[in-house]
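Undergrad: Predicted model and sequence follow; I will ask about them next.
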Amino acid sequence: MKRKLLIRDLTLRDGQQSLFATRMSQQQIDRVLELYRSTGFYATEVWGGAVPDSIMRFLSENPWTRLDKIRIGIGDTTLLTALSRGRNLFGYNPYPDEVIEGFCRHSVQSGIGIMRIFDALNDVDNVKATVKFVKQYGGKADCAVCYTVDPKYSTRDKIRTLINDHHLPPRVFTKEYFLNKAKEMEALGADMISLKDMAGLITPGKTGRLMRMLKQEIKVPIDFHTHCTPGYGLASALSAIINGVDIIDTAILSFAGGPAAPAYELIQIFCDKLGIETAINRSVIAAIDAELREIRKELGSADNLKVVPRVFDLTRDKLPAEIDRLFDEAITFSREEKEEELLSACHKIEEWFGFPAPDQKVRDAEMPGGMYTNMLSQLKQLKLEKLLNRTLELIPSVRLAAGLPPLVTPTSQIVGAQAVNCAIDEEKGNPPFTTKSIQFVNLVKGVYGHTPIPVEPKFRYKIAGVEEETPYDTRYYKRQPNPVFEEYGGLKLAGNERDELLLELFPNVAYEYLKKITEEKYMNEIHAIEEEKRRKWLEEKQQYENLTPEEKEKRLLEGIYNYQWTSSDHQEAILGRS
């Protein structure tokens, strides 16, 4: 009996988010929904992440409506998946249970079958409530352990710690660390565990060793998620498959590679050679990819890569002999744990398919690509690009001071922005951390949860004014106001619970979006009233025109009809008699 590997497709959420900043419109998504009914994917990620914010902000679309339409369009042939950040859901601040409950209830009732739940600090306490409510309403809880690496400390950092009589911590992010997090999440009731490598930093060797350990110790299915920016993605995905992973995350060819996930088509070729069954309808995938290529052209202004992979239909296209041989060699190298040879073979495969080359700067810096580009953008805006190298050098010390948070959204952006602040402080001759963001203060204070290692009390006091870790107390949470617009006929900003949730989760963006929708609703109602008046007016006018002259005069005198329909002479005669 063949081994079965389940495929989770990321194309409509993570794929478009990674490549086009989540700019696919509902009309574009509608073009592939019917095809998705027949793919055979175990799960299809369609919601969460940046989708709700982006489609309100840039497309003026309702996130709940998008989910409803996808559910209707795809049906129940695949489990729809969403992504959320545990107690933070989509933002930074933790939410009280009533907000989390409402979000989970509406998500599951709107069609989400699997909620992938992660916390940027890998603080298991932060995922408890979401796991509880997702399962309560009938969804599957996919608990994600966020992968990250230990900092590479500079010589300057090492000397400074010795001078200050401190010691750099031993390695924190070992395979035992990730296994223990997975065990904690399994104990919470996780239906599956995802190893979520959002930065694409996990090497094939580490993937294999960690996957073997997880498969030995964890009873629920294991999912592997990675990205391709630094060049490890395809090789690490193959290593996960060879070492027993149950589910693998991929994106359809034209929405894969680079900042996105490995391509399904390449994974399928490996599976064919390994004798692994995926049960995917390949002809349907080819049809979807053809449509996606047209959509990608339409999204050209948002496409930062401008590099589209070659067309490859698994049902008809054949690999050149030398490329086919590279797939065989990659499998051999993976089994023999020859990492450099494996990476070389996979890079040649990706080059032939037309995917971007590995980003060496991101690979060397060992940080998410988005974190790197955000820091560079921040420095460019200030015309301080010369400080980039120093900013990169400061990241390990900033991260260590803040308790070694994983470099994943949003902590990667918090650490990156603070490293820029420290570089600028240094350039101005100011002490480090003279300039600090409120997000960094809250991270150090403990507002976002427990960091992997404790923050030094004196540093916490310097940054946040308290020595003890101080978590956010949700008892003090205040709901967003839901104003009534008298100018729009007394309509409320949020007209139902789903709108109220948008307002809670995305206060600024949702306020502007919902206000626009409220105005449109009011104007539509006014328009409908005017249209009804016009319809009645035309109906009465037609009735009047069908009358005899005597009946017209009689009806006008009786005030039944408006005399504006008569001739001016007739009007004067009628008015004179009255």
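TA: Perfect, thanks for sending it. Just so we're clear, the structure is a prediction, and the values are computed from it rather than from any experiment.
Undergrad: Report how many residues lie close to Leu27.
TA: If you look again at residue 27, you'll see it is Gln, not Leu. A count of nearby residues for Gln27, using other C-beta atoms under 10 Å, gives 11. Quick note: C-beta positions are derived from backbone N, CA and C, even for glycine.
Undergrad: if I look at it, how far off is Ile517?
TA: Noted for Gln27: a distance of 18 Å to Ile517, by C-beta to C-beta, to the nearest Å.
Undergrad: now do Ala302
TA: In terms of C-beta to C-beta, Ala302 sits 24 Å off from Ile517.
Undergrad: doesn't Ala365 make contact with Trp149?
TA: Wrong residue type there; residue 149 is Val, not Trp. No - using C-beta atoms under 8 Å as the test, Val149 is too far from Ala365 to be in contact (10.7 Å).
Undergrad: contacting residues for Gly300?
TA: Lys306 (C-beta atoms under 8 Å, 6 or more residues apart in numbering).
Undergrad: correction: Lys175
TA: Lys206, Arg209, Leu210, Met213.
Undergrad: Including secondary structure, pLDDT and neighbour count, could these go into CSV?
TA: What follows is these, written out as CSV (DSSP: H, G, I helix; E, B strand; the rest coil; pLDDT from 0 to 100; neighbours: other C-beta atoms under 10 Å):
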residue, secondary structure, pLDDT, neighbour count
Lys206, helix, 97, 21
Arg209, helix, 97, 15
Leu210, helix, 98, 25
Met213, helix, 97, 16
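Undergrad: count of neighbours near Leu501?
TA: Neighbour tally, Leu501, other C-beta under 10 Å: 23.
Undergrad: List phi and psi for it.
TA: phi -70, psi -40 (degrees, to the nearest 10).
Undergrad: dump the residue contacts of it.
TA: Val99, Gly102, Phe103, His106.
Undergrad: so how far is Pro431 from the last one?
TA: Distance check for His106 against Pro431: by C-beta to C-beta, it reads 48 Å.
Undergrad: Have a look at these two and say which one is more surrounded.
TA: Using other C-beta under 10 Å, the more surrounded residue of His106 and Pro431 is His106, with 17 against 9.
Undergrad: so which strand or helix has that one?
TA: Using DSSP states H and E, His106 sits in helix 97-109.
Undergrad: cool, and Leu326?
TA: helix 321-335.
Undergrad: what comes up buried for the next helix or strand after that helix?
TA: Going down the chain from helix 321-335, the next helix or strand is helix 339-353, by DSSP H and E. Going by neighbour count (16 or more other C-beta atoms under 10 Å), the buried part of helix 339-353 is Glu339, Glu341, Leu342, Leu343, Ser344, Ala345, Cys346, His347, Ile349, Glu350, Trp352, Phe353.
Undergrad: same thing with stretch 483-498?
TA: Buried residues in stretch 483-498 (16+ other C-beta under 10 Å): Tyr488, Leu491, Leu493, Ala494, Arg498.
Undergrad: How about residues contacting the helix holding Leu326?
TA: Contacts for helix 321-335 (C-beta under 8 Å, 6+ apart): 204, 208, 235, 238-239, 242, 269-270, 273-274, 319, 339, 341-342, 345-346, 348-349, 352.
Undergrad: got the CA positions of that helix in PDB?
TA: Output in PDB follows, covering the C-alpha atoms of helix 321-335 (Å, rounded to 0.1, in the frame of the first residue of the first chain):
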ATOM      1  CA  ALA A 321      16.900  14.100 -19.000                       C
ATOM      2  CA  GLU A 322      19.400  16.200 -17.100                       C
ATOM      3  CA  ILE A 323      16.700  17.900 -15.000                       C
ATOM      4  CA  ASP A 324      14.900  14.600 -14.400                       C
ATOM      5  CA  ARG A 325      18.300  13.200 -13.200                       C
ATOM      6  CA  LEU A 326      18.600  16.200 -10.700                       C
ATOM      7  CA  PHE A 327      15.300  15.100  -9.100                       C
ATOM      8  CA  ASP A 328      16.800  11.600  -8.600                       C
ATOM      9  CA  GLU A 329      20.000  13.000  -7.200                       C
ATOM     10  CA  ALA A 330      18.200  15.300  -4.800                       C
ATOM     11  CA  ILE A 331      16.400  12.300  -3.400                       C
ATOM     12  CA  THR A 332      19.600  10.400  -2.900                       C
ATOM     13  CA  PHE A 333      21.400  13.400  -1.400                       C
ATOM     14  CA  SER A 334      18.500  14.000   1.000                       C
ATOM     15  CA  ARG A 335      18.500  10.400   2.200                       C
END
